[in-house]
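Student: kindly return the folded structure for what I paste below:
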Amino acid sequence: MPDQNTLIRAAIGRLLSEKTGVAVISMSETINELLEMTGAALTVETLQDLLLEMAEARGMTVALDV
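Tutor: Predicted coordinates:
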């Protein structure tokens, strides 16, 4: 069974795929979507770090609007 970090990364990957082509994505909006999708027990800061890491790897820009 995958650990929670793996599940969160998969959820982030799905969200980023849905936002492909968007010039800038909102940090707060995306974090809220992740929390709704996963009910993640990770801290918001951890989710932000994972989101930034994965968005950067895809060449996406994240607006730090938290």
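Student: where along the chain do the helices fall?
Tutor: For the chain, the helices defined by DSSP state H occupy 4-18, 27-38, 44-57.
Student: hmm, who's touching the shortest one?
Tutor: Contacts made with helix 27-38 from outside it, assessed by CB atoms under 8 Å, 6 or more residues apart in numbering, are listed as 7-8, 11-12, 15, 19, 40, 44, 47-48, 51, 62-66. (C-beta placed from N, C-alpha, C; glycine too.)
Student: buried ones among the residues you listed?
Tutor: 8, 11, 12, 15, 19, 40, 47, 48, 51, 62 (16 or more other CB atoms under 10 Å).
Student: quick check: closest non-adjacent residue to the fifth one.
Tutor: The reference is to residue 19. Nearest residue to residue 19, sequence neighbours excluded (CB to CB, 6 or more residues apart in numbering): residue 25, at 5.2 Å.
Student: I figured the one you found hits residue 59, correct?
Tutor: No. Judged on CB atoms under 8 Å, residue 25 makes no contact with residue 59 at a distance of 11.9 Å.
Student: which one of those two has more residues nearby?
Tutor: Using other CB atoms under 10 Å as the criterion, residue 25 and residue 59 rank with residue 25 on top: 18 against 6.
Student: and that one, how far from residue 61?
Tutor: Computed as CB to CB, to the nearest Å, the residue 25 to residue 61 distance reads 7 Å.
Student: output the helices of the chain in a markdown table; the columns should cover mean pLDDT.
Tutor: Listed next are those as a markdown table, based on pLDDT from 0 to 100:
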| stretch | mean pLDDT |
| --- | --- |
| helix 4-18 | 90 |
| helix 27-38 | 89 |
| helix 44-57 | 91 |
